[in-house]
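Asker: Generate coordinates for the sequence data below:
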Amino acid sequence: MSKVNAEVEEIIKNSKETKEKLSNEKSEKEKSKNELEKKLNDEEKRQIYDTYGKKGLESSGFGFGDMEGSIFDIFNSVFGGGFGGFGSRRKKDEKYSRDLAIELELSFQEAIFGCKKEVEIRYKSACSACKGSGAKDGKVTTCSTCKGSGRETFTQGFMTFAQTCSKCHGSGETSAEKCEKCLGKGYQEEKEKFEIKIPEGVDNQNQIRVQGRGNKMPDGSRGDLYVEIFVQEDTHFIRHRNDIYLEVPVFFTLVMLGGSIKIPTLTKEKELELKIPIGVKDKQQFVFYGEGVKSVNSGKKGNFIAVVNILYPDKLEEKQRNLLLELHQSFGYEESKPINCLEGLVDKIKNWFK
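Answerer: Numbering: from 1, shown residues only. As a prediction, the model looks like this:
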C-alpha cells in the first residue's frame, strides 16, 4: 500500500471516529433533554407534591433557560455571536450592542394581576467627540490581528474554527489613539427613568421587550430594552406555571364526619367551597378549573388546586381522651387489643420463634 493511500485511509478513519463521537454526543443530549421534559410533566409535579408536600414542589423547578443560555454562550464564543439572547444585534463597526437587558423583581400579586412599575436604567450613548469609534478625532486603523475581518481562526486536527477577534472585539478596526473624552470606549453612560406596563400573568424568567429604550447608537437610533422578570414567593399560595396550589388544613374529625370548608382564592372578593368527603386522604387534591392564573400568552386561566393537609391534636385533655376511647370501643375494639386485621399477623410472627 502506498504512503498516500495510507494517509487517505487514516483521514477517513479519523473522520468516521469523529462523526461517531458527535453522533453519540447528540444522542446523549437528546436523552438528557427528554429526561428534563419528562420531569416538567404536570402529573409528575403532582406526584412530587403527594410525596414531599409544599417544599417538594418548591424545590422541583426545572427549565431549559439555563441550558439554552450555556449553549448560546458556547456558540457565541466560538462563532462570534448571533445565536439569540440580549445584545446580539451588533454591527461590525459598533463598539457596543444596540439592545439592553435588566432584571425586575415583582411581588406575587403584581405578577399575577399585572401592574405598572417605574424603572431606572443606565444606557450607553455614543461619544459625541469620536462619534462612537473610540478613536481620537475618529481616526481608526485596520486591526493587525484579524486584518480587518473581525475574526480569528485556529486549527485543531483537521478542523478549523473561527472566533471573535480578541484585539478589536469583532470591529476589524483599532484606534490609532484613544479618544480623550470616552477613553476609547466609544460611549458614555446615561441614566433614564420611566414607567413600564407589566401584563397580567407574567412568571419567572419571562422577558418583556420595551422598544426604543436600549442603547443609543452613533446615528441617533436606539435599540430595545429587555426586562427579565423575577417573582417573589407567597407565604401560602404556590404557583406552578398557571396553576395555583394551596394547602388546606383539615382537622382529623372532619375526615370521619365530612363537611365543607370555605377557602380563599387569589382575589379577596371571592371564596371557594371545598367539600370534604368522608374518608378524605392526606394530600388528596381537589381541582377548581379556571380559577388559576391568566396565561400571558393565550389569556386562558389555569386551575386552582386545594391540597388536603390532615391535622391531629398534639395532646388531649382527659375528657377528650375518654370521648375518643368511648368512640374506639363503640366500634367493637378494646383499648390495648389489636384490631382484627392485625390479630392473624401477630400469631404468625409468634410462630416464627417456636
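
Asker: Which residues belonging to the strand or helix carrying Lys197 are considered buried?
Answerer: If you go by DSSP states H and E, Lys197 is part of strand 187-198. Going by neighbour count (16 or more other CB atoms under 10 Å), the buried part of strand 187-198 is Tyr187, Ile198. C-beta here means a position set from N, CA and C on the backbone, and glycine is covered the same way.

Asker: Okay, now the sheet partners of that strand, with direction.
Answerer: If you go by DSSP bridges, strand 187-198 pairs up with strand 115-126 (antiparallel).

Asker: Next secondary structure after the partner strand?
Answerer: Next element after strand 115-126 (DSSP H and E): strand 140-142.

Asker: Could you tell me how far Leu327 is located from Ile263?
Answerer: Separation of Leu327 from Ile263 (CB to CB, to the nearest Å) stands at 28 Å.

Asker: Let me fix that, I meant to ask about Glu189.
Answerer: 50 Å.

Asker: Ser175 now?
Answerer: Applying CB to CB, the value for Ser175 to Ile263 is 66 Å.

Asker: more neighbours, those two?
Answerer: The residue with more neighbours, out of Ser175 and Ile263, is Ser175; 19 against 15, by other CB atoms under 10 Å.

Asker: Show me what the more buried one is bridged to.
Answerer: Val140.

Asker: from memory it sits against Thr142, does it?
Answerer: No - between Ser175 and Thr142 there is no contact under CB atoms under 8 Å: 11.7 Å.

Asker: Can you get me the start-to-end distance on stretch 109-120?
Answerer: 22 Å (CA to CA, to the nearest Å).

Asker: Next, count neighbours for the closest residue to Pro218 other than its chain neighbours.
Answerer: The shortest distance from Pro218 to any non-neighbouring residue, by CB to CB, 6 or more residues apart in numbering, is to Gly132 (3.7 Å). Gly132 has 25 neighbours, counted by other CB under 10 Å.

Asker: With Lys185 as the reference, measure out to Gly132.
Answerer: When Gly132 is compared with Lys185 (using CB to CB), they lie 9 Å apart.

Asker: Now the common contact residues for the two.
Answerer: Lys95 (CB atoms under 8 Å, 6 or more residues apart in numbering).

Asker: which residues of the stretch 201-350 of the chain fall in helices?
Answerer: 252-257, 318-330, 340-352 (DSSP state H, counting those that start in this stretch).

Asker: Lowest average confidence across the ones you listed, which one?
Answerer: Note on those: lowest mean pLDDT is at helix 340-352, with a mean of 61.

Asker: Surely Lys275 touches Lys262?
Answerer: No - between Lys275 and Lys262 there is no contact under CB under 8 Å: 11.0 Å.

Asker: overlap in contacts of the two?
Answerer: Going by CB under 8 Å, 6+ apart, no residue sits against Lys275 while also sitting against Lys262.

Asker: ok, now which ones touch Ile276?
Answerer: Val250, Leu254, Val255, Gly258, Gly259, Ser260, Ile261, Val308.

Asker: What distance do you get for the residue lying closest to the third one once chain neighbours are set aside to Val308?
Answerer: By that I understand Val255. With CB to CB, 6+ apart as the measure, Val280 is the residue that lies nearest to Val255, at 5.5 Å, once sequence neighbours are left out. Between Val280 and Val308 the distance is 6 Å, computed by CB to CB.

Asker: now Leu274
Answerer: Taking CB to CB, one finds Leu274 at 9 Å from Val308.

Asker: Repeat that for Asn204.
Answerer: Distance from Asn204 to Val308, by CB to CB: 27 Å.

Asker: So for these two, which residue has more residues nearby?
Answerer: Under the criterion of other CB under 10 Å, the comparison of Asn204 against Val308 puts Val308 first, with 21 against 15.

Asker: which residues touch that one?
Answerer: So Val308 contacts Val248, Val250, Ile276, Val280, Lys281, Asp282, Lys283, Gln284, Gln285, Phe286 (CB under 8 Å, 6+ apart).

Asker: mind running it again at 10 Å?
Answerer: Applying CB atoms under 10 Å, 6 or more residues apart in numbering, we find Val308 in contact with 247-250, 254-255, 261, 274, 276, 280-286.

Asker: Then Glu192?
Answerer: Val119, Glu120, Ile121, Arg122, Tyr123, Ser125, Arg213, Lys216, Leu225.

Asker: Please report how far it lies from Lys124.
Answerer: For Glu192 relative to Lys124 (CB to CB), the value is 11 Å.

Asker: Likewise for Ser97?
Answerer: 9 Å.

Asker: Of those two, which one has the most company?
Answerer: Taking other CB under 10 Å, Ser97 and Lys124 do not tie; Lys124 has more neighbours (22 against 19).

Asker: is the more buried one in a bridge, and if so with what?
Answerer: Glu189.

Asker: what's near enough to touch the residue nearest to Pro218?
Answerer: Counting by CB under 10 Å, 6+ apart, Gly132 has contacts 93-96, 124-126, 138, 179, 182, 185-187, 216-219.
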